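**Student:** no sequence on hand, only this structure:
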């Protein structure tokens, strides 16, 4: 196990170089040569539906692009060729490298046909001049004269929503025609127990009156907060973009394998954890048998049900997808313009009955008040979701290791206070134990 940990440390320090190298190769082959990874003349499905993004008046594709996983701009060009015209990035994705990728990717397209949105992380130490200069750097990396959307990223309190320096900077940039629309995104706190939840923060922004569009978490496993936000957005004609629309994602249903890995690695498992594993395993085995019997263990059905569910609400303008390869483009673009069906609802019902206990609701944190160690349960569960579902292993480990204070080491021998405090019956202790295995470079 020690060797495995060393490999993961090497991965953290060397992977950025590897990504640059592999990305350059993909770009070269994508632009020239008979074995190019992408040919713009190739027939492919196109976006079928465009929706008005609230009071911005801009018609965006119902399937949008959140390119956090991309390593080359050719993939983004293919996404845009398919009709996707809303692109979300952030100043801090890859230390600005993602904005540079987007800048290269949008070259050759009609700029006015695209809605490019970036996000800023603002602290109390940032004044308006500093923020303005940072946005100008964003514009340089994006190689564009203006931003369609500039978002305040993940304010953790309602007070942060009205940050005077951010709004002062935005007003200046708008007067200079460097930005068009103001937005806010939220998916829960980063490293600590939340003071206010996602619903309260986004609804405060909607009521504020200065925000034109919002980005938040909404899916069929996490509806309560989202439904209330959508109602408030509809009243004010605020544009709605969504993230994390598939609660189980690409590999989330393989989570039981991580439990088995703990045993294979001869990890010490206390009695409480063993009981938790047994409960999870029993539910998982029943779930797998049920899904196999009803032919629901099908990623395409899960994907279709997730997308159709969120787009069934007319207030939603787009569902952002982090495209990680060319094969995923037709899989998601084909879902554009789809309608929620009875088969979709049946799939959702079965998934929730059999796997709902394995999804820690994003931006929730209700259980955390019960934790005697102050573990940021919801934040760690989200990072584990990045690791398992979104395949963002390096990013997830880095985020987890940056948490100050208690992490999952406190959870291994805990009685499971978080599970007792969860109103959704989530097997939080097991998820945290798995997160310890996935994310903690310090365990041995």
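**Tutor:** Thanks, I have it. Treat the numbers as computed from the prediction; the structure is a model and nothing was measured. Residues are numbered from 1 along each chain as shown.
**Student:** strands along this structure, start to end?
**Tutor:** 50-52, 59-61, 63-65, 86-88, 115-120, 147-153, 179-186, 213-217, 239-243, 316-321 (DSSP state E).
**Student:** among the ones you listed, which is nearest residue 381?
**Tutor:** Closest to residue 381 of these, according to CB to CB: strand 213-217, at 12.4 Å. (Each C-beta comes from the backbone N, C-alpha and C, glycine too.)
**Student:** so that closest one versus strand 239-243, what angle?
**Tutor:** Taking axes from the mean of the first three to the mean of the last three CA atoms, to 10 degrees, one finds strand 213-217 and strand 239-243 inclined to each other by 30 degrees.
**Student:** who are the packing partners of strand 213-217?
**Tutor:** strand 147-153, strand 179-186, helix 198-208, helix 224-236, strand 239-243 (3 or more CB pairs under 8 Å, 6 or more residues apart in numbering; DSSP states H and E).
**Student:** and of the ones you listed, who's closest to residue 358?
**Tutor:** helix 224-236 (18.5 Å).
**Student:** now that closest one: buried residues?
**Tutor:** 225, 226, 229, 230, 232, 233 (16 or more other CB atoms under 10 Å).
**Student:** which stretches of the chain aren't confidently modelled?
**Tutor:** Where the chain drops to pLDDT under 70, the residues are 1-42, 67-69, 188-195, 249-263, 267-297, 390, 443-444.
**Student:** go with 50
**Tutor:** Low-confidence segments of the chain (pLDDT under 50): 1-36, 251, 287, 290-296, 444.
**Student:** quick check: the residue most central in space within the chain vs residue 369, distance?
**Tutor:** Nearest to the mean C-alpha position of the chain, by CA atoms, centre = their mean, lies residue 244 at 4.7 Å. Using CB to CB, to the nearest Å, residue 244 is found at 23 Å from residue 369.
**Student:** do residue 419 as well
**Tutor:** Distance, residue 419 to residue 369, using CB to CB: 13 Å.
**Student:** higher neighbour count, the two?
**Tutor:** residue 419 (22 against 11; other CB atoms under 10 Å).
**Student:** surely that one touches residue 427?
**Tutor:** Yes: taking contacts as CB atoms under 8 Å, residue 419 lies within contact range of residue 427: 6.5 Å.
**Student:** tally of neighbours for the closest residue to residue 337 other than its chain neighbours?
**Tutor:** Distances taken as CB to CB, 6 or more residues apart in numbering put residue 48 closest to residue 337, at 3.4 Å, once the chain neighbours are dropped. Per other CB under 10 Å, the neighbour tally for residue 48 reads 15.
**Student:** give me the phi and psi for residue 48.
**Tutor:** Main-chain torsions, residue 48, degrees, to the nearest 10: phi -100, psi -20.
**Student:** quick revisit: with respect to residue 201, which of the strands of the chain lies nearest?
**Tutor:** Taking these one by one with CB to CB, strand 179-186 is closest: 4.9 Å.
**Student:** what strands line up against the closest one, and which way round?
**Tutor:** strand 147-153 (parallel), strand 213-217 (parallel) (DSSP bridges).
**Student:** taking their axis directions, it and strand 115-120 sit at what angle?
**Tutor:** Compare the direction of strand 179-186 with that of strand 115-120 by the same axes, to 10 degrees and you get 60 degrees.
**Student:** contact partners of strand 179-186?
**Tutor:** Contact with strand 179-186 is made by 56, 117, 119, 135, 146-155, 161, 167, 170, 173-174, 198, 201-202, 205, 210-216, 239, 243, 363, as judged by CB atoms under 8 Å, 6 or more residues apart in numbering.
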